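J.: Sequence and predicted model, in that order:
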2 protein chains.
Amino acid sequence: MENSKLKAFIPLFYLAWSDDLLTQKEFVTLQEFIRSQQWISRKEQEYLLSKVTVSAPPSRIELAEWKFEIDTAIDQNPLLKSIFDVSMVLAEKNSVIKDLATDFMKLENDLGILGEEAVSNLKKTAKTVTSNYHTSNTFDIEKLTQILDGKQAAIIKKVKTVISRPDFAYETSTDIAVYREKVYDWCTILAKENLGNMAYPKQYGGGENSADYFAIMETLSYHDLSLVIKFGVQFGLWGMSIQSLGTEKHYSKYLKDIGSFQLPGCFAMTETNHGSNVKGLETTATYNHDNQTFIIHTPHEKAQKEYIGNAAVHGQMATVFAKLIIDEMDYGVNAFIVPIRDTNSTILKGITISDCGHKMGLNGVDNGTIRFENVVIPKENMLDRFASVNDEGKFESPIPSDNRRFFTMLGTLVGGRIGIPRSALAAAKSGLTIAIQYSDSRRQFGPEGGSEVPILNYRIHQRRLLPLLAKTYAIHFALQYVTNRYLERTETEMPEIEALAAGIKAYSTWSTTAVLQECREACGGKGYLSENRIDALKNDTEIYTTFEGDNTVLMQLVAKNRLSEFRKTFGEMDAMGIINYVFETAKTAIAKKNPIITRKTDEDHLLEDAFHLDAFQYREKTILASAAKRLKKLIDGGLEPYDAFNVVQHHMIDVAQAYLERIVLEQFQKAVQAIEDQKNKEIVTKLCRLYALSQMEKNKGWYLEDGYMEGIKTKAIRKMVNQLCWEIRPDAVSLVKAFDIPDSCLAAPIAF
Amino acid sequence: MENSKLKAFIPLFYLAWSDDLLTQKEFVTLQEFIRSQQWISRKEQEYLLSKVTVSAPPSRIELAEWKFEIDTAIDQNPLLKSIFDVSMVLAEKNSVIKDLATDFMKLENDLGILGEEAVSNLKKTAKTVTSNYHTSNTFDIEKLTQILDGKQAAIIKKVKTVISRPDFAYETSTDIAVYREKVYDWCTILAKENLGNMAYPKQYGGGENSADYFAIMETLSYHDLSLVIKFGVQFGLWGMSIQSLGTEKHYSKYLKDIGSFQLPGCFAMTETNHGSNVKGLETTATYNHDNQTFIIHTPHEKAQKEYIGNAAVHGQMATVFAKLIIDEMDYGVNAFIVPIRDTNSTILKGITISDCGHKMGLNGVDNGTIRFENVVIPKENMLDRFASVNDEGKFESPIPSDNRRFFTMLGTLVGGRIGIPRSALAAAKSGLTIAIQYSDSRRQFGPEGGSEVPILNYRIHQRRLLPLLAKTYAIHFALQYVTNRYLERTETEMPEIEALAAGIKAYSTWSTTAVLQECREACGGKGYLSENRIDALKNDTEIYTTFEGDNTVLMQLVAKNRLSEFRKTFGEMDAMGIINYVFETAKTAIAKKNPIITRKTDEDHLLEDAFHLDAFQYREKTILASAAKRLKKLIDGGLEPYDAFNVVQHHMIDVAQAYLERIVLEQFQKAVQAIEDQKNKEIVTKLCRLYALSQMEKNKGWYLEDGYMEGIKTKAIRKMVNQLCWEIRPDAVSLVKAFDIPDSCLAAPIAF
């Protein structure tokens, strides 16, 4: 191209042949443009057209030459702002071309390459904000670990030491028999370390320390989760059923051997036909006056005990929940100790055990089904704290209602609903540690001419992981709170604590499922390899949303508890008087603030603790009141309450969700306020804000629908979530390091 | 209780001792009430107080007697509307009690038991709307199957026949070596049935029928997914790389043996350090002029090929993507056939293969890593459709830009991005069939005194599964459309079709992940047992969101394509003129409709096709325009385009999402319109409406923020989603039966 005027076409030609986004249609556009230019001679026109003929591409060398000319022009004139600017430089500011500015710009417009972005793509921009960003550390990691561990630091350290020992190397065999024996051996070691009996009374060899027991469950969960569940079945479910439902005679006879793992046992509640609705259990325990025994019996196949941990291989005894029958009269579900194997592991007469077989996860736990055919047990085997059969063969109980007695018994077992979400929390921490550390080192793509960028620098990647990191911190503090409430419980508080435990169990385990899903995807192909452990974490915790109470059912229970509290506080009056009052008052309170609050978007306001808590509380109250109102209306309209509750089930989930989110935020804020170290406080404050704002963003549909916020505010919140993610990113690696998970437990090669 | 006045207290006593929701605090409330009543004698007061003393509960028999009196009262007076009404009946309408109505109502209010619900809970209501609901069938299932299968019915039937044969019984061994051999054997059988080579040219033994090939991939996916992926690696990736990137000499030499599975091979693109950013592959193919060969080499460990299917055990050759180097000059990534094993399965010299080991799923596929140490291959092994080295040792290509050439090569492989989402669709159909059929038979809870209810009658359960069923039908039709577009593609349409395929791949595979997660939870403990196959479906498809392109990366590509199209249509003008114009015009158009449309909530409108499509189109256009505007603003503000794109990544996902949702809805509506049979049309219409409205509900935050809808309308939409779920429920089982999945493939015991 000798003629410098014609050089104006070089950038267009280059883009036509190299840009991914220009297609055959654009070649036609270019050809038409060339033909329409009167200032070009016939020969020049032919020449130019030859450069945009699809069937006759330029050589690779010619393309390289064009690129060289463009690069030179840009290097020498770094302020060029459009493709036309480049054309002008190449055409040596030829006045003919200059006069054609509008034509060229229109052409570029038609090709979709007008504007600074198109020319920027031709520049080499090795250094960008995105590529310069990296991990730094603004706080003392160890101090944060201390805050997280709190008073349980010593036992947490002890557990970490034990599970980091060489005999705790992960089992990689896919043979479940091998895996189960390994988990059994691990449990034996933990029992020897006096970790299993930590919550039992001192007189039976225990540590009498439930706070430490929960910390043990959580810390063990950095290691194999089959181990945690087997440990929980043995020392938690089996042992605690004796401690909570039995009396002195049972303690002295069993607790020591259970705590030492000499007596492996099961917790046999669930039946094939009754999982969530355990009130409907069908196994029977029939009292025999003649010899003062109970006959334990499975009336039909679907009444067999199912999914029972420790049943398939190791269990020697089981706490069996069965309907007590005396003289053909049904006294509701009670608990009985039933031997199922002798010490040689031979299954006893009348007992039929099947293996549940391979499961999605937790294959180190030997789940089985148990059937009883008229199995006779002595009278003393009834766990008789809440009900008993007296010497005259009469039923006795301080709780006359069968229903209430059963739920009281279940209430004593609520500790399991704290152990499980704490285990789930640890699994989420492991997943996030692996994914965030990998994302900090994994590089992919980058600016033109620059090196590749850590994927954690990408906003979408931050969006995927960092709000979940904040939520995991939030749940950590919420679980500390729920644990303390449980440990310091009084009788009067029990309904509230049961609802809290049920709710936080659902909230934490669902969160873990979501966290690990995101971690798997965020780690790409590496996240799919079993060696990186997201596989095990994900599949093992998958059932956490089901066992110890199906989450959806638990959320309905939580909501019913909230409704009941609401009614006690406000009653119903007639014609919905009070409900309407509460409802409308709340509305009015907000309306008054309009538009100051609903449209307020300054940074100080958006980051304010009080704003966050207000928004969560408002949502909680309003959803609860509207659910109560809706139910009342449906029932007044003639619907059976059973049907009415069915209609509002979806609403009830929101009631429970809003309640839990408020609790979690409240506890997170309190925990932040208690931090003394300034640097620690700053970073955890950011996490707390990110938690609050990302939940509000998730619920923005509700806030907008309700009128509590306007669009301008929800948009500002979205922006603030992005900004907080970006601000937290340099500390993200330190924030997962503060979880202080032993390297040998983390194990995933991609995390190092 | 001789004194009939005092009997007024019976319902209160009964509730105090049996209701779960009354706590110790309420006992105090009751006691205080009793003490405050002047009309009660001292002795009566003592008597009444003795009945609400926590430490002295009534006997179980006394409680039963109270209940009997209450039951009798309710039976004889079915219209009682409150606890006080019951009290009045028991007190024989005593005038003293009658006068105390306000006091009693206040007490009941304080106890939270005022209102019809409390008394309804005491009634036996065996028959309710919820418990009477059940599966019925309003349409001809076989006809619907015909509509779904369309022109591919014959091949679908053939594949189903093959995979239902006894030799396709599922492998249950957890030994991956055993599993891999089984999958290998299955592939051999499928090859013999001429299913593998279906898309190859007839002259090389193929069926020359790509439409059938895709149907085969989808139908096979009702069976083991390791089989599908191994099948896809062999006949799709390996075979199609030859067919798409090679020339005649390669076809005649390899295609027949590949199609017959005589020549198992690999598709070796991904490297450890380059998965998404394949442009950065580092393996080299250096041309040696002396003997006209290429030297294939892995420069460092992280440049090894990774996750390569067929590599660990069975592959004999591989299509290797490597940078072509001639005379120290880099000519970009090209493809080469490299032998890796001889026919005795011995690994060839210079090749190092490692096993990727155990994975989260797809363990029947032998993924491995491959390293090359100066492996020499003849010149003819270069797949030379798009580039070659001529006799003089010079590079030749009709596509001068290395970048564009590579993406053109990748474009020819886009078929994989159709096979995978269709396989994902089949997996979702399997999961839904298992979960819905189980939910129809599984009973849990029920009205007081009635039998338990199928869990699919619960609104929350319908909410969990039925919108996903609708979405799965929607994706079915969308994938038919994308497949047809691909099969009938012209050169000009390629960028659009590539974006469509990338987008639907992400949309379908993410949907499958969500569907199977919900199915697992919906099936509770049973869903966790491997025998019910949700385990395998879930874990096998987990990687679908990553391979054939990471979904998040693909969505960014789709969005970039949309932006490019947008610019070509509207350009940028200066000062954002046109963007603002488009943006504001759309806004104005809506504003004009206010409040007719934004507040319109009548049923006819909410169910209207035109309303649905308008809403989806509006969202698509508005998000796209606002993303373009935001990008322009950021770049004009001085940000590097690379950084600007990073800032809007989250927005870009929405751009792609909104585009895909519009396509999916549009195709679903067209498919519905084409149905002739009236009954079929009715039920599929409901699914289409449920899809549309449940997506709008999901996006309600956006619609409200934007002003397209007001709260009154989004609430009406939520209600309509609930209603459609309820209306579809009786047909839900028939709708999954219409997928016509062979029983032997479904296999899950809970599904039958």
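T.: Arrived safely, thanks for sending.

J.: Least confident secondary structure element in chain A?
T.: Least confident helix or strand of chain A, by mean pLDDT, DSSP states H and E, is helix A:577-593 with a mean of 55.

J.: what about whichever helix or strand comes after it and chain B, touching?
T.: Counting by DSSP states H and E, the next helix or strand C-terminal to helix A:577-593 is helix A:603-606. No - counting by CB under 8 Å from any CB of the partner chain, chain B is not contacted by helix A:603-606; separation bottoms out at 15.8 Å. Yep, even glycine has a C-beta here, placed from its N, CA and C like the rest.

J.: Please state the offset of helix A:603-606 from the chain centre?
T.: From the chain centre to the centre of helix A:603-606 is a distance of 28 Å (CA atoms, centre = their mean, to the nearest Å).

J.: now swap in stretch A:355-363 and tell me
T.: That offset, for stretch A:355-363, works out to 23 Å (CA atoms, centre = their mean).

J.: Which residues belonging to that stretch are considered buried?
T.: For stretch A:355-363, the buried set under the neighbour-count rule, 16 or more other CB atoms under 10 Å in any protein chain shown, comprises A:Cys356, A:Lys359, A:Met360, A:Gly361, A:Leu362, A:Asn363.

J.: what's the answer for stretch A:735-752, then?
T.: Buried-residue list, stretch A:735-752, by 16+ other CB under 10 Å: A:735-742, A:744-748, A:750-751.

J.: nearest residue to A:Ala211 other than its sequence neighbours?
T.: A:Leu487 (5.8 Å; CB to CB, 6 or more residues apart in numbering or on different chains).

J.: distance of the residue in the stretch 151-300 of chain A that chain B sits nearest to from A:Pro447?
T.: Nearest residue of the stretch 151-300 of chain A to chain B (CB to the nearest CB) works out as A:Thr174 at 4.1 Å. Separation of A:Thr174 from A:Pro447 (CB to CB, to the nearest Å): 44 Å.

J.: can you pull the contacts of the residue at minimal distance from the centre of chain A?
T.: Residue closest to the average C-alpha location in chain A (CA atoms, centre = their mean): A:Ser511, at 1.9 Å. Contacts were defined as CB atoms under 8 Å, 6 or more residues apart in numbering or on different chains; by that measure A:Ser511 touches A:Ala424, A:Ala428, A:Leu468, A:Lys471, A:Thr472, A:Ile475.

J.: One more pass at 7 Å, please.
T.: Residues near A:Ser511 by CB atoms under 7 Å, 6 or more residues apart in numbering or on different chains: A:Ala428, A:Lys471, A:Ile475.

J.: Kindly report the same for A:Ile663.
T.: Applying CB under 7 Å, 6+ apart, one finds that A:Ile663 lies in contact with A:Ala478.

J.: how close does it sit to B:Ile97?
T.: Distance of A:Ile663 to B:Ile97, given as CB to CB: 42 Å.

J.: which one among the contacts of A:Ser511 gets closest to chain B?
T.: Relative to chain B, the closest of the contacts of A:Ser511 is A:Ala428; by CB to the nearest CB it sits at 15.9 Å.

J.: ok, which stretches of chain A are strands?
T.: A:265-268, A:284-288, A:293-297, A:305-308, A:317-326, A:329-339, A:351-355, A:368-372, A:375-378, A:388-389, A:395-396 (DSSP state E).

J.: The longest one close to chain B?
T.: No - in this structure, strand A:329-339 remains apart from chain B according to CB under 7 Å from any CB of the partner chain; the gap is never smaller than 7.6 Å.

J.: Show me what that strand is packed up against.
T.: Secondary-structure packing of strand A:329-339 (3 or more CB pairs under 7 Å, 6 or more residues apart in numbering or on different chains; DSSP states H and E): strand A:293-297, strand A:317-326, strand A:375-378, helix A:402-412.

J.: And for the fourth one?
T.: Identification of packing neighbours for strand A:305-308 by 3+ CB pairs under 7 Å, 6+ apart yields strand A:265-268, strand A:368-372.

J.: what does the fifth one give?
T.: Judged by 3+ CB pairs under 7 Å, 6+ apart, strand A:317-326 is in contact with strand A:265-268, strand A:284-288, strand A:329-339.

J.: hey, which of those strands is tucked in deepest?
T.: Sort these by mean neighbour count, taking mean count of other CB atoms under 10 Å in any protein chain shown, and strand A:265-268 sits at the top with a mean of 31.

J.: Given it, what are its sheet partners and their directions?
T.: Taking DSSP bridges as the criterion, strand A:265-268 forms sheet pairs with strand A:317-326 (parallel).

J.: ok and the partner strand relative to strand A:284-288, angle-wise?
T.: Between strand A:317-326 and strand A:284-288, the angle comes out at 60 degrees (axes from the mean of the first three to the mean of the last three CA atoms, to 10 degrees).

J.: Any chance you could list what contacts strand A:317-326?
T.: A:238, A:241-242, A:263, A:265-269, A:281, A:283-287, A:296, A:330-340, A:370, A:383, A:389, A:393, A:395.

J.: And for stretch A:137-148?
T.: By CB under 7 Å, 6+ apart, the surrounding residues in contact with stretch A:137-148 are A:Ala153, A:His476, A:Ile675, A:Asp677, A:Lys679, A:Asn680, A:Ile683, A:Asp731, A:Ser734, A:Lys737, A:Ala738, A:Asp740.

J.: 8 Å - rerun?
T.: Applying CB under 8 Å, 6+ apart, the contact partners of stretch A:137-148 are A:153, A:476, A:671, A:675, A:677, A:679-680, A:682-684, A:730-731, A:733-735, A:737-740.

J.: Quick check: bridge partners of A:His297?
T.: A:Thr284.

J.: Next up, the contacts around it.
T.: Residues near A:His297 by CB under 8 Å, 6+ apart: A:Thr283, A:Thr284, A:Ala285, A:Thr286, A:Phe372, A:Glu373, A:Asn374, A:Val375.

J.: Ok, A:Tyr708 next?
T.: A:Tyr708 makes contact with A:Ile590, A:Thr598, A:Ala615, A:Tyr618, A:Arg619, according to CB under 8 Å, 6+ apart.

J.: Let me have the helices and strands packed on strand A:329-339 in a markdown table, extended by mean pLDDT.
T.: Below are the helices and strands packed on strand A:329-339 laid out as a markdown table (pLDDT from 0 to 100):
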| stretch | mean pLDDT |
| --- | --- |
| strand A:293-297 | 98 |
| strand A:317-326 | 98 |
| strand A:375-378 | 98 |
| helix A:402-412 | 90 |
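
J.: among the ones you listed, which is the most enclosed?
T.: strand A:317-326 (a mean of 23).

J.: the inter-axis angle of that strand versus strand A:368-372?
T.: Strand A:317-326 runs at 40 degrees relative to strand A:368-372, counting by the same axes, to 10 degrees.

J.: I'd like the distance from strand A:317-326 to the chain centre, please.
T.: Distance of strand A:317-326 from its chain centroid, counting by CA atoms, centre = their mean, is 36 Å.

J.: ok, now stretch A:428-437?
T.: 12 Å.

J.: cool, stretch A:142-152 as well?
T.: Relative to the centre of its chain, stretch A:142-152 is centred 22 Å away, using CA atoms, centre = their mean.

J.: Get me the contact residues on the stretch 101-250 of chain A for chain B.
T.: For the stretch 101-250 of chain A, the contact set with chain B under CB under 8 Å from any CB comprises A:109-117, A:120-121, A:125, A:128-131, A:172, A:174-176.

J.: can you rerun that using 10 Å?
T.: Residues of the stretch 101-250 of chain A lying near chain B by CB under 10 Å from any CB of the partner chain: A:105-106, A:108-121, A:123, A:125, A:127-133, A:172-176, A:179.

J.: Filter these down to the buried ones, PyMOL style.
T.: In PyMOL, a selection of the buried entries from those looks like this (16+ other CB under 10 Å):
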select buried, chain A and resi 105+108+109+110+111+112+113+114+115+116+117+118+119+120+121+123+125+128+129+130+131+133+174+176+179
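
J.: Sounds good, over and out.
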